[in-house]
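Asks: Kindly generate the corresponding structure for this input.
(4 chains)
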2 protein chains.
Amino acid sequence: MIVVNQVADRPLPDLLAGLFDQIREQPLRQVLESHGLDGLRPSHLRVVAGVDESGLSITELAQRLGMTKQGCGQFVAALTGSGHLEVATDPADRRVRTVSLTRRGRALVAEIHQRLSAFEDQLARRIGPDRYASFRADLAALSSAPDSDV
Amino acid sequence: MIVVNQVADRPLPDLLAGLFDQIREQPLRQVLESHGLDGLRPSHLRVVAGVDESGLSITELAQRLGMTKQGCGQFVAALTGSGHLEVATDPADRRVRTVSLTRRGRALVAEIHQRLSAFEDQLARRIGPDRYASFRADLAALSSAPDSDV
DNA sequence: CCTCTTTCGGAAAGTTGCTTTCCCAATGAC
DNA sequence: GTCATTGGGAAAGCAACTTTCCGAAAGAGG
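Replies: Model prediction:
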């Protein structure tokens, strides 16, 4: 009896982790290396990429990223130190610290998107563009828990 | 102007993380709760599920899980303490500690697979079984880095 | 105004899931 | 009988956070 499908039933979490690890080890690592960002790590890239052009508060950014404002504040502090973010006190509400991108930060975010996009192009080449488009659409549909119907 | 596609271009890592989080928060959490495993965490489930019926060494298990033998040994120690794994010194090579499942461990692994399978059934219902089958096949194809052609 | 509650944000410590470094004991190679 | 290799672990360190606690500012109600 020949065992053909040794990997057919690999658990779903392992499959997701496998692709996730490729993203960290390839495009995200390339971004850090090409910018010479020794003090920053892949998780910082996710934070900086969550800051939009108009700027937002730490609390808003934390909600967008699904983490606590304390954790978010730690990453913002590091990215401020590296010159990619800047914070300013909101004059209308002096509790709020508004986070925005510096010029360096904008360049970093642009490269993150570009490298991720190039990586996705490679994925599309591996299984074909049509199948990749379906794959991504289905993943997007499954990526957030469904609304519990009211 | 109506904004329709606010999430159309969510980054791929965020999509993967979204589904991964659902797995941790739903089936894996249910396994831990239904067994009353207060001291164990989702990551322990991945380790115990990596032990097959025939048993294997710590080093082999670590390679299978993609972690160091030290890290693997820590999880094995916890799972031995909880009664799901047992270790025995290999008489043929007294350096080797062979890890195997206890009866409790086998029941735990069975429930992990069952809960994960039920969760995947829910996913399939959300987008349709055919699309889910394609999605999973494509994910499996992309989950490991491609062989660099020789 | 003056309290009362809420909200923004952070400091400090703790937690999870590991890795790195260093080491010993057992094995295999010669 | 030496030498290098391998299996495994102890101890410390690290990454990516959370939890707890707190203060300062803002808004709500009288």
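Asks: residues contacting the residue nearest the centre of chain A?
Replies: Geometric centre of chain A, nearest residue: A:Arg46, 3.6 Å, by Cα atoms, centre = their mean. By Cβ atoms under 8 Å, 6 or more residues apart in numbering or on different chains, A:Arg46 lies in contact with A:Leu65, B:Pro13, B:Asp14. Quick note: C-beta positions are derived from backbone N, CA and C, even for glycine.
Asks: Number of residues surrounding the last one?
Replies: Counted with other Cβ atoms under 10 Å in any protein chain shown, residues neighbouring B:Asp14 total 17.
Asks: Please apply the same query to A:Val31.
Replies: Applying other Cβ under 10 Å, we find 21 residues neighbouring A:Val31.
Asks: swap in A:Pro11?
Replies: Using other Cβ under 10 Å, A:Pro11 has 18 neighbouring residues.
Asks: which of the contacts of A:Arg46 lies closest to DNA strand C?
Replies: The closest of the contacts of A:Arg46 to DNA strand C turns out to be A:Leu65 (Cβ to the nearest atom of the strand; 12.7 Å).
Asks: Out of the contacts of A:Arg46, list just those in helices.
Replies: Secondary structure of the contacts of A:Arg46 is defined by DSSP state H; positions in helices are A:Leu65, B:Pro13, B:Asp14.
Asks: Around chain B, pick out the residues from chain A.
Replies: If contacts are counted using Cβ under 8 Å from any Cβ of the partner chain, the residues of chain A sitting beside chain B are A:7-8, A:10-20, A:22-24, A:28, A:46, A:49, A:113, A:116, A:119-120, A:123, A:126-127, A:131-132, A:134-136, A:138-146.
Asks: Please repeat the previous calculation with a cut-off of 7 Å.
Replies: Counting by Cβ under 7 Å from any Cβ of the partner chain, chain A comes close to chain B at A:10-13, A:15-16, A:18-20, A:22-23, A:49, A:116, A:120, A:123, A:126-127, A:131, A:134-135, A:138-146.
Asks: Any residue of the helix ranked longest in chain A touching DNA strand D?
Replies: When every helix of chain A is counted residue by residue (DSSP H), the longest turns out to be helix A:103-127. No - using Cβ under 7 Å from any atom of the strand, helix A:103-127 stays clear of DNA strand D, coming no nearer than 14.5 Å.
Asks: Would you mind identifying the next helix or strand past that helix?
Replies: Counting by DSSP states H and E, the next helix or strand C-terminal to helix A:103-127 is helix A:129-143.
Asks: check contacts around the residue in chain A positioned nearest to DNA strand C.
Replies: Here chain A gets closest to DNA strand C at one residue, A:Gly73, 2.8 Å apart by Cβ to the nearest atom of the strand. The neighbourhood of A:Gly73, defined by Cβ atoms under 7 Å, 6 or more residues apart in numbering or on different chains, consists of A:Ile58.
Asks: now do 8 Å
Replies: Listed by Cβ under 8 Å, 6+ apart, the contact partners of A:Gly73 are A:Ile58, A:Ala62.
Asks: Mean confidence (pLDDT) on whichever strand or helix holds it, please.
Replies: Secondary structure assigned from DSSP H and E places A:Gly73 in helix A:69-81. Taken as a whole, helix A:69-81 carries a mean pLDDT of 97.
Asks: Compute the inter-axis angle for that helix and helix A:103-127.
Replies: Our comparison of helix A:69-81 with helix A:103-127, counting by axes from the mean of the first three to the mean of the last three Cα atoms, to 10 degrees, yields an angle of 110 degrees.
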